[in-house]
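Participant: Here is a sequence together with a model predicted from it:
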Amino acid sequence: MKYDHILSVKTVIAGITFITVILIYFGNFNIGLGLALALDCSKAKVDAEKIICKEKALLEKDEQLNIAWTKLIAIQMPQELLSNFKVKQKIWIKESRDKCKDKTCLMNKMDEQIVLFKTWEQMAQHKLTLESKKIIGVQESDSKEIKTIEVKDVEQFIKSIASNRVLKLTGKEYDIETAVTKLRADGFKSRNIYFGNDYSIKNGNELIIHDIDNLTIEGVPLNNNNNANNKVELYVSDKYSDVLKINKSKNIVIKNIKAGHHTTPGHCEGSVIQIESSKNIVLDNVYLYGSGTYGLMIEGVDDLTVKDSVIRECTYGGINVSTSNNLKFIRTKFFNNKKFSIINLSEVKDASFEDCEFADNISKEKDHFFEIRDCKNISVKGGLFTRNISSSDISKTPNVKFEEVKFINNTNSTPLKYILAP
């Protein structure tokens with residue numbers, strides 16, 4: 001457990017080398033890297049530390065947290081910003097992590113902190129850019145401050161989409177298709193928004209978010225209750241449209257959102273959320289429902305995290321991912337998806353499913369539950385598979401590593417009634 005306690009020799013040497021370069025080019029750029037000593041598990045005092053030291057999964061998560069923290073503090077940044085991060089991290093240890101009394105709480109808190117470190121990393125890199133330009137006499141003309149906007153209706157939502165924004169959705173339902181149709185008729189234009197017909201969608205209008213950096217779309221739960229029935233909902237009725245499509249963007253967070261199609265089950269040709277050519281995407285506590293083809297269609301994405309979410313009742317399967325790297329599905333549930341492979345991965349490197357649940361999904365005839373093509377490092381850690389129907393034994397899927405997974409009442413051959421079903 002090393003974060004905010006100790007620096008490795010390699011990190012110290014790299015830091016000294018980088019500071020030397022900074023001093024040569026820019027002068028005396030003050031950066032403090034002193035950190036406290038590492039915690040020894042044999043001397044763990046508080047309950048949270050003792051639980052971490054006893055649980056293999058928590059120790060592994062702690063190491064991931066340490067790697068993320070080490071990466072953050074290796075960035076050469078102003079002393080004031082580094083000190084701020086260190087103070088916040090110490091507060092988190094005392095006020096958040098150390099108050100956990102069980103494994104689940106600790107796992108949740110560490111996952112949240114890893115995501116937060118990525119945001120801090122972006123802040124640190126930006127501050128360095130501003131400081132460097134100031135030192136060498138280049139003025140920064142464009143402010144990068146984050147703007148938070150309360151969004152009450154769907155037109156305001158679409159018009160507010162831009163980089164460096166947090167959009168808090170306070171309405172109940174957001175009919176994307178109807179709003180896009182109206183905005184198109186009104187001649188609305190934005191460098192970050194395209195509409196579906198620009199991409200030859202057969203019917204209706206599709207919202208495509210393009211070339212965005214640093215955007216959070218967060219639903220504010222109704223009645224302070226965050227179950228599926230109280231989530232803010234994004235939807236379309238056109239069966240050919242994705243509910244939401246993100247293209248060539250980075251640092252996107254979608255949180256506390258329900259999304260799907262309002263159309264006849266089994267007749268969709270659009271997915272729920274589609275993400276292409278993007279980086280550092282987080283879906284947190286989202287509820288994606290069919291009859292979209294897939295809950296998630298992912299292509300050319302690096303660093304995707306889906307946590308505490310649900311993907312259910314999609315027509316073709318749960319997720320379809322290609323040419324992407326570093327994907328994490330954490331405590332995510334896949335329910336009642338059907339027809340083809342539930343998890344379809346092609347040319348994917350480093351994808352993990354941690355403590356996920358797969359229940360009542362159906363893969364027809366020759367389709368395997370996991371379809372894995374030209375992939376590396378695909379793993380399932382913990383979690384449950386129950387009442388799923390597939391053409392083969394899920395637990396023996398080639399090229400997938402299963403660790404401490406429960407398999408209960410799954411069927412390994414597809415009954416005729418599912419093969420003949422539409």
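Facilitator: Looks like it arrived, so ask away.

Participant: Roughly how far does the closest residue to K279 other than its chain neighbours sit from A185?
Facilitator: With CB to CB, 6 or more residues apart in numbering as the criterion, K279 has its nearest non-adjacent residue at 4.2 Å, and that residue is K250. Where you see a C-beta, it was placed from the backbone N, CA and C, and this is true even at glycine. Note on K250: its distance to A185, by CB to CB, to the nearest Å, is 31 Å.

Participant: pLDDT score assigned to K99?
Facilitator: Looking at K99, its pLDDT is 88.

Participant: Tell me who's in contact with it.
Facilitator: Counting by CB atoms under 8 Å, 6 or more residues apart in numbering, K99 touches A48.

Participant: Was I right to think the residue nearest to K279 contacts N280?
Facilitator: Yes: in this structure, K250 is within contact of N280 by CB atoms under 8 Å, at 5.3 Å.

Participant: what's the distance between the residue nearest to T411 when sequence neighbours are not counted and V180?
Facilitator: Spatially, and ignoring its direct neighbours in sequence, T411 is nearest to I389 (4.6 Å; CB to CB, 6+ apart). Going from I389 to V180 by CB to CB gives 37 Å.

Participant: more neighbours, these two?
Facilitator: For the pair I389 and V180, the greater number of neighbours falls to V180 (27 against 18), based on other CB atoms under 10 Å.

Participant: For that one, grab phi and psi.
Facilitator: Main-chain dihedrals, V180, degrees, to the nearest 10: phi -60, psi -40.

Participant: ditto for A228
Facilitator: Dihedral angles (degrees, to the nearest 10) for A228: phi -60, psi -40.

Participant: Next, count neighbours for the closest residue to it other than its chain neighbours.
Facilitator: Nearest non-adjacent residue to A228, counting by CB to CB, 6+ apart: Y287, 4.8 Å away. Using other CB under 10 Å, Y287 has 23 other residues around it.

Participant: so Y287 makes contact with V310?
Facilitator: Yes: the criterion here is CB under 8 Å, and Y287 meets it with V310 at 4.8 Å.

Participant: list residues touching both of these two?
Facilitator: In contact with both Y287 and V310: A228, using CB under 8 Å, 6+ apart.

Participant: any idea how far Q156 is from L116?
Facilitator: Taking CB to CB, one finds L116 at 28 Å from Q156.

Participant: swap that for C375, please
Facilitator: Counting by CB to CB, the separation of C375 from Q156 is 41 Å.

Participant: Comparing the two, which residue is more hemmed in?
Facilitator: Between C375 and Q156, C375 has the larger neighbour count (other CB under 10 Å), namely 20 against 16.

Participant: and the more buried one, what does it touch?
Facilitator: Contacts of C375 by CB under 8 Å, 6+ apart are L345, S346, E347, V348, K349, A351, N399.

Participant: Now a PyMOL select for only the buried ones of the residues you listed.
Facilitator: Entered in PyMOL, the line below selects the buried ones among those, by 16 or more other CB atoms under 10 Å:
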select buried, resi 345+348+349+351
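
Participant: So which of the contacts of C375 are in strands?
Facilitator: Among these, DSSP state E puts L345, S346, E347, V348, K349, A351 in strands.

Participant: Give me the residue at the spatial middle of the chain.
Facilitator: Closest residue to the average C-alpha location of the chain: V282 at 2.2 Å, with CA atoms, centre = their mean.

Participant: helix or strand for that one, which one?
Facilitator: Per DSSP states H and E: V282 is located in strand 273-284.

Participant: Give me the residues contacting that strand.
Facilitator: Counting by CB under 8 Å, 6+ apart, 115, 118, 242-256, 259, 286, 288, 295-309 sit against strand 273-284.

Participant: Distance from the chain centre to whichever helix or strand comes after it, please.
Facilitator: Of the helices and strands lying after strand 273-284 in sequence (DSSP H and E), the nearest is strand 287-289. Distance, stretch centre to chain centre, for strand 287-289: 14 Å (CA atoms, centre = their mean, to the nearest Å).

Participant: which secondary structure elements does strand 287-289 contact?
Facilitator: strand 257-261, strand 294-307, strand 310-312 (3 or more CB pairs under 8 Å, 6 or more residues apart in numbering; DSSP states H and E).

Participant: let's see it at 7 Å
Facilitator: With contacts defined as 3 or more CB pairs under 7 Å, 6 or more residues apart in numbering; DSSP states H and E, the packing partners of strand 287-289 are strand 257-261, strand 310-312.

Participant: which helices and strands does the last one pack with?
Facilitator: Other helices and strands packing on strand 310-312, by 3+ CB pairs under 7 Å, 6+ apart, are strand 287-289, strand 333-335.

Participant: Please identify the pairing partners of that strand and their relative orientation?
Facilitator: strand 287-289 (parallel), strand 333-335 (parallel) (DSSP bridges).

Participant: And the average pLDDT for the first one is what?
Facilitator: Computed over strand 287-289, the mean pLDDT rounds to 95.

Participant: what's near enough to touch A44?
Facilitator: A44 sits next to K50, C53 when contact means CB atoms under 7 Å, 6 or more residues apart in numbering.

Participant: let's see it at 8 Å
Facilitator: So A44 contacts K50, I52, C53 (CB under 8 Å, 6+ apart).

Participant: between those residues, which has the most around it?
Facilitator: I52 (24 neighbours).

Participant: can you pull out the strands in the stretch 1-150 of the chain?
Facilitator: 147-151 (DSSP state E, counting those that start in this stretch).

Participant: Just to check, L327 is in contact with E354?
Facilitator: No: here L327 does not reach E354: they are 11.1 Å apart, not a contact under CB under 8 Å.

Participant: Name the residue in the two with the higher neighbour count.
Facilitator: More crowded of L327 and E354, by other CB under 10 Å: L327, with 24 against 21.

Participant: Could I get the contacting residues of the closest residue in space to that one that isn't next to it in sequence?
Facilitator: Nearest residue to L327, sequence neighbours excluded (CB to CB, 6+ apart): A351, at 4.2 Å. Neighbour list for A351: V321, S324, N326, L327, K328, F329, L345, C375, N377, I378, S379 [criterion: CB under 8 Å, 6+ apart].

Participant: filter the residues you listed to the buried ones?
Facilitator: V321, S324, N326, L327, K328, F329, L345, C375, I378.

Participant: beta partners of the fifth one?
Facilitator: Legend: beta-bridge partners of K328 under DSSP bridges are T305, S352.

Participant: same deal with the second one?
Facilitator: Counting by DSSP bridges, S324 forms beta bridges with V348.

Participant: what does the model give it for pLDDT?
Facilitator: 97.

Participant: I'd like the distance between it and M123.
Facilitator: 26 Å.
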